[in-house]
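Asker: how would this look folded up:
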Amino acid sequence: MSIVFRNANGWLLDACSLVDKGVQLCNVTSERKAASGKSYFKCCFKHEWFQILKSHVSVKSSCTVTTNDCAVSDAALQRSENKTTVDCKPSKKRKRKHNDLNQGEIDSLAFHHKIRSAILEGTKSLVDAGLSCEYLSEVKDAREDPLPSQECNLAALCDMAKELPLVSEHGEDPVQFIESEDGCSTTHLDLFTRITENCMDCAMEVTLMGEKYIIPPRCAFLLSDFSRMQPLVGYGKFFDLIVLDPPWENKSVKRSGRYSFLPSSQLKRLPVPLLASTGCVVVTWVTNRPSHLRFVKDELYPHWGVEVLAEWFWVKVTRSGEYVFPLDSPHKKPYEVLVLGRYRGCGHHSHSSLRKTELPMEEQRVIVSVPSALHSHKPSLSVGTQRDTNARSPPQRSKHILARWPKRQKKVFMLLGV
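Answerer: Sure thing, here's the model as predicted:
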């Protein structure tokens, strides 16, 4: 069951189980069929990715959401807000005092102070329910086994594929299909300039660049760079839900070089108005940096004609119900923010479906789950947003593919390797 528990505060999710649903029955490759004589096999997700047994930071005070009841220091926040004078006299370099916060840190502390009670109360109620039904439980042996490799060679080829001409330039169909009649052969597929779609009611095992992957049923994906969005526009479909997970620019990413980032201003180039149906819900994952949050609300959404409706929070906990980071950590927080809005533009949608009766969008809902160990892997929003938005076949920009969900990203295969 993907939703372990639901209440007025939000949802407790079993993210691994949700992925399993799409790959329970899989059509085999012709090679495997010849060896085993079977046309289908059952498979499941690599559960070790979700075995987060202990908090990433050891602190003296308890980090369990059922007992953590301390408050953000109002005095520290007040001191930071009252610090308006700047000493212009030259001075020797010295270590910054603990309470000398820059404007970004002041804004972050103020935002955390604003949302803290909603996160604390909502998470506590959901974790208590998870402990009661024994989905969450105390882990006696907190030893974590080594994780499998995260490498995905296909993603690295996207930059090289920028030089390839798009099929639309030659008047060809921007969509290609994986058919069972092909024996799951994928040598003919053009992964980087077309949308690839699995029309089958079962998952498909395919071989791409010498590696095996499981493609969920009734889904589509575009393996592409940010600048290669034309095939998605040429797909000819409008969507009720669009989810974005941008590679936000920050100092940590620059230092580590884990992935390439995108300047905020470049996000305006995404053709959301060309993909969104009237009343489409647009969801954007935002880092805990207030400047990014302001950009989405004050610039990006208005640029697309999207009305801001609500903020939701994804709270990450361990298998025993502890925050993965202390709630009041000044560095990393155990939550991430989602900004939800509705597309209000019109004009080119004269042939789209009639606007549905809109359900109210609840503010400050909490999604609690044990996160994947893979960097930046977000949980699916299908279990929450489809109920609240009446969404159909929504496209996501993410690192995994779900059944009946189109995707657009460089790393859609990251979690699908066999």
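Asker: could you dump the host helix or strand of Met204 to PDB, C-alpha only?
Answerer: Using DSSP states H and E, Met204 sits within strand 203-208. The C-alpha coordinates for strand 203-208 follow below in PDB (Å, rounded to 0.1, in the frame of the first residue of the first chain):
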ATOM      1  CA  ALA A 203       6.300  -3.300 -17.600                       C
ATOM      2  CA  MET A 204       8.900  -3.900 -20.300                       C
ATOM      3  CA  GLU A 205      12.500  -5.100 -19.800                       C
ATOM      4  CA  VAL A 206      14.700  -3.300 -22.400                       C
ATOM      5  CA  THR A 207      18.400  -3.100 -23.100                       C
ATOM      6  CA  LEU A 208      19.800   0.300 -23.700                       C
END
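Asker: For that strand, which strands pair with it and how are they oriented?
Answerer: Strand 203-208 pairs in its sheet with strand 26-27 (parallel), strand 211-215 (antiparallel), by DSSP bridges.
Asker: Please, which helix or strand holds Leu293?
Answerer: In the assignment (DSSP H and E), Leu293 maps to helix 290-295.
Asker: Need the phi and psi values for the spatially closest residue to Gln176 that is not a sequence neighbour.
Answerer: Closest residue to Gln176 apart from its sequence neighbours, by C-beta to C-beta, 6 or more residues apart in numbering: Arg194 at 4.9 Å. The C-beta positions use only the backbone N, C-alpha and C, and glycine is treated the same way. Backbone geometry at Arg194, expressed as degrees, to the nearest 10, gives phi -130, psi 160.
Asker: Pull the contacting residues for Arg194.
Answerer: Arg194 sits next to 167, 173-176, 222, 231 when contact means C-beta atoms under 8 Å, 6 or more residues apart in numbering.
Asker: neighbours around Pro174, how many?
Answerer: 18 (other C-beta atoms under 10 Å).
Asker: unless I'm mixing things up, it is touching Met229, no?
Answerer: No: counting by C-beta atoms under 8 Å, Pro174 stays clear of Met229, with 11.0 Å between them.
Asker: Next, the buried residues of stretch 301-318.
Answerer: By 16 or more other C-beta atoms under 10 Å, the buried positions in stretch 301-318 come out as 301, 304-306, 308-318.
Asker: what about that stretch, average pLDDT?
Answerer: Taken as a whole, stretch 301-318 carries a mean pLDDT of 96.
Asker: coming back round to it: look up how far Ser264 lies from the residue nearest to Gln176.
Answerer: To Ser264, Arg194 is 29 Å away according to C-beta to C-beta, to the nearest Å.
Asker: what does Asp240 give?
Answerer: From Asp240 across to Ser264, the span is 26 Å (C-beta to C-beta).
Asker: Neighbour count: the two, which is higher?
Answerer: Asp240 (22 against 17).
Asker: Now the more buried one: which helix or strand?
Answerer: Per DSSP H and E: strand 239-244 holds Asp240.
Asker: That strand packs against which elements?
Answerer: Here strand 239-244 touches helix 272-275, strand 276-286, helix 382-389, going by 3 or more C-beta pairs under 8 Å, 6 or more residues apart in numbering; DSSP states H and E.
Asker: Name the residues that touch the shortest one?
Answerer: So that's helix 272-275. Around helix 272-275, the neighbours that count as contacts under C-beta under 8 Å, 6+ apart are 232-233, 237-239, 242, 282, 304-306, 343, 345, 348, 395.
Asker: Of the residues you listed, select the buried ones using a ChimeraX command.
Answerer: This is the ChimeraX syntax for the buried subset of those, where burial follows 16+ other C-beta under 10 Å:
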select :232,237,238,239,242,282,304,305,306,343,395
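Asker: any idea which of the contacts of helix 272-275 is closest to Ser125?
Answerer: Ser125 has its nearest neighbour among the contacts of helix 272-275 in Val282, at 28.1 Å by C-beta to C-beta.
Asker: CA atoms of stretch 127-140 as CSV?
Answerer: Output of stretch 127-140 as CSV, limited to C-alpha atoms (Å, rounded to 0.1, in the frame of the first residue of the first chain):
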residue,chain,number,x,y,z
VAL,A,127,4.8,9.3,12.5
ASP,A,128,2.7,8.3,15.5
ALA,A,129,0.3,6.5,13.1
GLY,A,130,3.2,4.8,11.4
LEU,A,131,4.6,3.6,14.7
SER,A,132,1.1,2.4,15.8
CYS,A,133,0.7,0.2,12.6
GLU,A,134,4.3,-0.9,12.8
TYR,A,135,5.2,0.5,9.4
LEU,A,136,7.8,2.5,11.3
SER,A,137,9.7,0.8,14.2
GLU,A,138,12.7,1.1,16.4
VAL,A,139,15.8,-0.4,14.7
LYS,A,140,18.1,-2.2,17.1
